[in-house]
Structures are given as C-alpha cells and as structure tokens.
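Engineer: sequence plus predicted model, see below.
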Amino acid sequence: MTNKDLANVIFPDIDKDIKYYEDMYPNRDLKEGAKVTRFAPSPTGFMHLGGFFQAIIDKVLAHNSNGVFYLRNEDTDQKREVKEAVDLIMKTLEDYDIVPDEYEYNDKVVGNYGPYIQSKRKEIYHTFIKHLIEIGRAYPCFCTKEELDLMRQKQEKYKARLGYYGRYAKCRNLSIEEQIERIKNGEEYVIRFKSLGDNEKRFFFDDLVRGTLNLPENDMDIIIMKSNDKLPTYHFAHFVDDYLMHTTHVVRGEEWLSSVPVHIELFKAFGVKPPKYIHTPLIVKRDGNGVRKLSKRKDPEATMSYYKELGYPAIAVIESLMTIINSNYEEWHTANPDKTYLDFTYSPKKMSATGGALYDLEKLNNISKNIISKFKADYLYDELSKWSKVYDSEFYELITKYKDYTINILNIEREQKKPRKDYENYSSIKGLIWYMYDELFFNEEKSYDFGTINDKEEIKLIVNTYFDKFYNKEDDKETWFNKMKELCDSLGYASNMKEYKENPDKFKGNVADVSTVIRVAITTSSQTPDLYEILKLIDNDRIAKRIELL
RNA sequence: GGCCCGUUGGUGAAGUGGUUUAACACAUAGCCCUCUCAAGGCUACAUUCAUGGGUCCGAAUCCCAUACGGGUCACCA
C-alpha cells in the first residue's frame, strides 16, 4: 500500500494532475511590472468598509501598472453564506465604478482564469490535495471535536503551544492500511497538510507595508479540506487560486499576518513562488478611551450601505479612503487636480502600519462638501433625484414636479470661483432647502428666530415696508442691495456697518439685523444662501402668502 | 499564555541620525471680510515623538528593557 493508493481511495474520481491545470492557466500575457490583484470577499451578506478599502488598493495597483484586477468569490464557508451577498458586492463595485476586469456573476464569466467562485473549483482543489497525499504531504485526520478539545485542554494545562502539530498530531503517523480501512468504514475525516517546518527555526518575510519580518516557521498540520462538504479551507484555497490565477500582489487585512508562515510553507510544498503581500491596517474606531475594530453590528459606518443611504457621492468615499491609504494623497491631488485617484501611485511602504486607521467621518464630510460644491447644478440634481427616489420618495416627487426650480435652487452660489459648500451628502440637502417648497413650507411646524429684533410690530413694519416700497424682482444685485440700505436708512437702522460699530446707540440696529428679519420671514432660517437669489426664485404672490403668516 | 504587529497632536499622518523652532490636511478656537450662514484670508493649537536606559559631537529616527494597544492560535474567512 502506498500513498498513491490512499490518494485514490480518497479521490477516486480525480483523474487530472497539477500539470493539467498549470497548462490550462498559463502565465498571463502582461507587460513587465504589471500587477495582478484580486478582491476576494466571502459572501456573508454585507460589504464591509475594510474590504472595500482593500478593493480600492487592488484597483489602483492594477490600474497603475496596466495589470489585472479580478474578483473572486470566497464561498467555501457554506454555513455563513448569504444568497444576496454576491449581488450586493457586485452592485457596490458598480456604484463605485470599480468593476473588476475579471469576474463571474449570474453565469456570466469574464476572464480566462475562472471559475472565479471557489465552490465551483472543487475539482481543482482536490487535484492539488490528491497530489499532496501522493507525495506524503497530506493525510486524513479522524480526530473528533471531542478529541481535539481534550488535546487543547491538555496543552493549556501544560502551557504548551496550542494546535495540531508534532507529537500532538496523532493522525499523522497512522499506517496507510489503517487510514484506508477507516475511510472505507465510513469514518468522518478531514485532510491535513503535513508540515515539515520547525517552530524553533525562523525565516525572513517581506511584507510590502511593514518591511522585512522575522517569523517562526510553521509546524501546524492545518486542515486543508473540510469533512462535510469537502471544500478547502481559506489557507489552501488561497494557495491554489492565487497560484493558478497568477496573482502578483495579495492585499488583505493584517489579521492574516500570523498565517503567513502557513501560506509560505504551502507554496514551498509545491515548489512555487508566493505572491507579494500587502497587509493593510485594520480600520478602527474610537470607543471610549480606546479604539476597536469597526464592527458591523455596532457601527453603521462599517458597512458600505451606510454611505449610500446618506447619499455620499461615491468618489467622496473613495477619496476619503485614499487619504488613509497614503497620506500624501491629498497633496498629490492638489498638485494634480485634473487627475483621478486611479492615476495616483500607491506605495505600500508609505502606508501606515499603525495598529488601526481611524476612519474619520468629519474628514469624509469635508471632502464630500468640496466635491459636491464642484458639481454642475443639473448633475447634482440628477444625483439627488436618483438618491431620493430610493431613500426619500416625498422629496423625490417634489423635486421632480419642480425640476427646473430645484436646479435653480441648487445653482445658488454655485457658478463662481469659490462655490458654496454646504451640502455634505444628498440626504442633508432637503433640510437645507425645504423652505423653498410651499408644500413643505406651509405644512411643516415652523419656528421663527429673528435674532436681535424680536418686536412683532417692528418685524411686520420692516417686512411690509421692504416688500411694498423697495423690493423689485427685476433689480440686479447691486441695486437690490442698495435698496436694502435705503430701507435701513428710512427706518432708522444703520446701512453702513462701520458707522454702526462706531456709534451703535445712534441706530435701532444695523443692516445685518434687518436682512436677517427679511431672511427669516421668508425662510424661517437665519442660515440660508444668498438672500437675493432666494427672493428671485420665489414668486411675489408666494412671498405675499409667507408674509401673511407673520 | 505563546507568537506576531504596532505606539508622533483631538484625528489621518509626514518624518529612515544633523536643512525639524516636528510638514500637510481635517477638527477646534480667535480675528478679519461680510446682509445671514457657508466659503475665503490671517492667527493659535505636540518645547516634543509611550516610558526608562544606552550608542553618538548630535536621536522621533539606531540598540535594549518595560508599559500599553491590536492581531492570531477554528472543519470562519
């Protein structure tokens, strides 16, 4: 009895060999230096910000080197799989315009290195595992959960390293006869990798972010194939897929750093070169006095859908992530305003290796405000329309009914060298311009705060005098403002701020107080864009109705 | 507990032995401008790089120890 017999008992139907697949997936025809990256999420039902963060890096890396960025669905944990997860992942990548060069979705396969779904690659994994068994580097393990628990307890008691290795690996030395017999008896088993490593020995490993690391060799006989569905574990699938798909750069979270010795030994067992690794910092958030990993349950901002619901432009989210990816990004972007983030040369060495990057929503808001302020009004309108259609149907109907009017509102203080920056996302817009719509203005609970002037009669006097005697929709801005000053003079308010400051007692108030009254009377808010523009957009009869409410 | 990674301001961080009196950006505060707000302009914000020791003429930068934070040790990825 030989290992070959064992391999045939375990995989009687596998008739291909490694070479077959190596020939099937030859080296990619790319120019020197082209990087092949992949986004490899497991479909568990939501898209984590951290995964997206990695996808951006993958995309930038591939784009910059004329390489390939592909999507691989890591669905080997069928227990955790959520059906719609794949749709969500694809949709998110589409929303952010980072659709991979190669992927598999809804029976559509793009690219020559598929299948890109791990559950469809079973035969390939089995072929590689069979090879390992044949050369004596993998074996069936019959240990039950209870036995493993017992082993762990023993290890804890004697303060030994935890895990299945060395003398604790009791199935590694079973005779082939016994192995075959137990399999034929229908015993449950997993396949373990037979490690040749020595935990006392160390080797050097280059992580592109952290530099050269000195790590202990792996000596764990890790599970490479699970018992129930015969699918590989992450470690083994990582080796097979990234080898066959010719990934050059693996971008993954730093939680994988401690598995590096395992992965290196796997590549070594097949005599092939491992890819380069970029272990990214985890994205954390402040929690009391400490920081912790962003959690999908506690932190809404951990999920990509959060940004969509609030209506952040996709590019704003990407840009804010870019500032974490490489902090010289902003400087670069200011120096190269016409380029996009895809043109930026990402350098892993410059990436912070700090325990965790704190994702800062304030920063996002700032970036987003700047980006939205540069949109043309009709583009903003289209985006707002798309967003509100899904998340605020009432507002959607309103802006659809008054499309041109809405565009005009959005255009206030926009067509200028330094456009106004007050919309941080689409969901905040309604709260800032609601008063422009009579449907909202006359139906919402309102409270007026006129600032320094609060005598009712005085307020009415100011407003009535202004609209009866001074206001004219045809006026240009300068005339308009001069009339505002005339109004002040006629009612005993200072039209000149300097004069007022020098001699406040001589006046009832100043031009700022008066314009605030008019502003609030029409909008209820003292914080609005340019009053002149606002008044221009509201017809006189609508203005009259608003004055009646005072 | 073993192993691994990390520790510069409120935040992201630049910085790899002297050009650092520690960049840039966000946030915060103040002033200016101003019909409001936003924007913009100006100014302030780490005498110090977790702590302690060492090497050196010179250290945030190199070495050692300690502390603290994180990761990992699953038939999850």
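Structural biologist: Ah, there it is. Numbering: from 1, shown residues only, chains lettered A, B, ... in the order given.

Engineer: which stretches of chain A have low pLDDT?
Structural biologist: Residue ranges of chain A with pLDDT under 70: A:284-298, A:355-359.

Engineer: would you map out the domains in it?
Structural biologist: Structural domains assigned to chain A are A:3-13+A:122-280, A:375-427, A:456-548, following automatic domain parsing.

Engineer: distance check, residue A:543 against RNA strand B.
Structural biologist: The gap separating residue A:543 from RNA strand B is 16 Å, by CB to the nearest atom of the strand, to the nearest Å. Quick note: C-beta positions are derived from backbone N, CA and C, even for glycine.

Engineer: cool, residue A:128 as well?
Structural biologist: Counting by CB to the nearest atom of the strand, the gap from residue A:128 to RNA strand B is 16 Å.

Engineer: where along the stretch 51-200 of chain A do the helices fall?
Structural biologist: Counting by DSSP state H, counting those that start in this stretch, the segments of the stretch 51-200 of chain A that form helices are A:85-95, A:122-134, A:145-157, A:176-184.

Engineer: possible to save those helices as TSV with mean neighbour count and distance to residue A:275?
Structural biologist: Listed next are the helices of the stretch 51-200 of chain A as TSV, based on neighbours: other CB atoms under 10 Å; distance: least, CB to CB, whole Å:
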stretch	mean neighbour count	distance to residue A:275
helix A:85-95	18	22
helix A:122-134	21	17
helix A:145-157	12	31
helix A:176-184	15	33
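
Engineer: do you have the helices of the stretch 201-350 of chain A handy? List them.
Structural biologist: Using DSSP H, counting those that start in this stretch, helices in the stretch 201-350 of chain A cover A:234-244, A:260-269, A:304-310, A:314-325, A:329-335.

Engineer: select, out of the ones you listed, the one closest to RNA strand B.
Structural biologist: Closest to RNA strand B of those is helix A:234-244 (CB to the nearest atom of the strand; 3.6 Å).

Engineer: is RNA strand B contacted by that closest one?
Structural biologist: Yes - using CB under 7 Å from any atom of the strand, helix A:234-244 comes into contact with RNA strand B via residue A:234.

Engineer: contacts for that helix next, please.
Structural biologist: A:21-22, A:25, A:38, A:40, A:72, A:74, A:76, A:113, A:118, A:121, A:124-125, A:128-129, A:193, A:222, A:224-225, A:231-232, A:247, A:250, A:259, A:262-263, A:266-267, A:270, A:272, A:275 (CB atoms under 8 Å, 6 or more residues apart in numbering).

Engineer: could you redo the last one with a cut-off of 6 Å?
Structural biologist: Under the contact criterion CB atoms under 6 Å, 6 or more residues apart in numbering, helix A:234-244 has outside partners A:21, A:25, A:76, A:118, A:125, A:128, A:222, A:224, A:262, A:266, A:272, A:275.

Engineer: and if you look at stretch A:409-423?
Structural biologist: For stretch A:409-423, contacts defined as CB under 6 Å, 6+ apart pick out A:369, A:372-373, A:377, A:380-381, A:429, A:433, A:436, A:529-530, A:533.

Engineer: quick one: buried residues of that stretch?
Structural biologist: Using 16 or more other CB atoms under 10 Å as the test for burial, stretch A:409-423 gives A:409-412, A:414, A:419, A:422-423.

Engineer: cool, stretch A:453-471 as well?
Structural biologist: By 16+ other CB under 10 Å, the buried positions in stretch A:453-471 come out as A:453, A:459, A:462-463, A:466-467, A:470-471.

Engineer: stretch A:320-337 too?
Structural biologist: Buried-residue list, stretch A:320-337, by 16+ other CB under 10 Å: A:320-326, A:329, A:333.

Engineer: also stretch A:342-352?
Structural biologist: A:344, A:346, A:348, A:351.

Engineer: before we move on, back to that, quick one, which of the contacts of helix A:234-244 are buried?
Structural biologist: A:21, A:25, A:76, A:118, A:125, A:128, A:222, A:224, A:262, A:266, A:275.

Engineer: and those residues, which two are the farthest apart?
Structural biologist: A:25 and A:222 (24.6 Å; CB to CB).

Engineer: can you pick the most crowded of the contacts of stretch A:409-423?
Structural biologist: When neighbours are counted by other CB atoms under 10 Å, residue A:372 leads the contacts of stretch A:409-423 with 28 neighbours.

Engineer: one step back: let me know the closest of the contacts of helix A:234-244 to RNA strand B.
Structural biologist: Nearest to RNA strand B among those: residue A:76, at 3.8 Å, using CB to the nearest atom of the strand.

Engineer: measure the closest residue to the closest one other than its chain neighbours to RNA strand B for me?
Structural biologist: Spatial nearest neighbour of residue A:76, chain neighbours left out: residue A:231 (4.5 Å); criterion: CB to CB, 6 or more residues apart in numbering. The spacing between residue A:231 and RNA strand B, counted by CB to the nearest atom of the strand, is 7 Å.

Engineer: make sure residue A:231 is actually in contact with residue A:77.
Structural biologist: No - the pair residue A:231 / residue A:77 is not scored as a contact, 8.2 Å apart, by CB atoms under 6 Å.

Engineer: more neighbours, those two?
Structural biologist: More crowded of residue A:231 and residue A:77, by other CB under 10 Å: residue A:231, with 19 against 16.

Engineer: quick check: the gap between the more buried one and residue A:381.
Structural biologist: Separation of residue A:231 from residue A:381 (CB to CB, to the nearest Å): 49 Å.

Engineer: ditto for residue A:200
Structural biologist: In terms of CB to CB, residue A:200 sits 67 Å off from residue A:381.

Engineer: residue A:278 too?
Structural biologist: Noted for residue A:278: a distance of 40 Å to residue A:381, by CB to CB.

Engineer: same question for residue A:122.
Structural biologist: Applying CB to CB, the value for residue A:122 to residue A:381 is 50 Å.

Engineer: now stretch A:485-503, how far from the centre of its chain.
Structural biologist: Relative to its parent chain, stretch A:485-503 has a centroid offset of 53 Å by CA atoms, centre = their mean, to the nearest Å.

Engineer: need the contact partners of that stretch.
Structural biologist: By CB under 6 Å, 6+ apart, stretch A:485-503 touches A:466, A:470, A:507-511, A:514.
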